[in-house]
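**Q** Quick one: sequence and predicted model below, then my questions.
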Amino acid sequence: MNLKRDFFLYVWLFFLTAFFGWIWEVGIYLLRGDTYVNRGFLSGPWLPIYGCGAVMLEILFCRWRDRILLTFVSSMILCTVLEYLAGWYLELTWGVKWWDYSQMRWNVRGYICLTSSLLFGIGGTLLVCVVSPLFQSLYRKLPVRVRAGVGLLFIICFAADAAYSAIAPHAGSGITYR
């Protein structure tokens, strides 16, 4: 099976990185405030911005796995633009600012800052050059039925969560909406 055309590879990549992004952000808040905060706009343990970013990076930059500096700069720019647009859109549509870099140096309207941009470059480079090739080699070992079945299960769970979250955003989370 050609991995370039394997829809479920990208579904799995989306959900794995969305989950690890959620773990990352919940972990940061646990360390900072010693309290659990669901960082997403959905109820489930995933942050779609991480999944979208990972899939975009893999599709756009996989051909540059051996060009680390180009991958770093491109990842930094793409993810910074994605974060800015997502922050702006989420605040516009939900009335909540999910993150705020206003206290950090070199920020733009609190949506992005230099530190996070540099981390995006590092993370994108690690994803494209190290994590994705390893993930693909493990993914190839799974039977096609398992790839498709679990991929469909991910999609169904995500759709149910999106529908539920649209009706009751962050039910019980303590987040207030404008």
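**A** That came in fine, so what should we check first?

**Q** Is the residue nearest the centre of the chain within a helix or a strand, and which one?
**A** Compute the mean C-alpha point of the chain, and by C-alpha atoms, centre = their mean the closest residue is residue 50, 0.6 Å away. Assessed by DSSP states H and E, residue 50 sits inside helix 48-61.

**Q** for that helix, packing partners?
**A** Secondary-structure packing of helix 48-61 (3 or more C-beta pairs under 8 Å, 6 or more residues apart in numbering; DSSP states H and E): helix 7-33, helix 68-94, helix 114-126. Any C-beta I mention is one placed from the backbone N, CA and C, and that applies to glycine too.

**Q** which outside residues touch that helix?
**A** By C-beta atoms under 8 Å, 6 or more residues apart in numbering, the list of residues contacting helix 48-61 from outside reads 10, 13-15, 17-18, 20-22, 24, 40, 42, 71, 74-75, 78-79, 82-83, 86, 120, 124, 127-128, 132.

**Q** pLDDT on that helix, on average?
**A** Confidence over helix 48-61 (mean pLDDT, whole number) is 94.

**Q** Next: stretch 88-105.
**A** Averaged across stretch 88-105, pLDDT comes to 88.

**Q** List the buried residues in that stretch.
**A** Using 16 or more other C-beta atoms under 10 Å as the test for burial, stretch 88-105 gives 90-91, 98-99, 101.

**Q** And those, which two are furthest apart?
**A** Looking at the buried residues of stretch 88-105 by C-beta to C-beta, the two members farthest from one another are 90 and 101, with 14.2 Å of separation.
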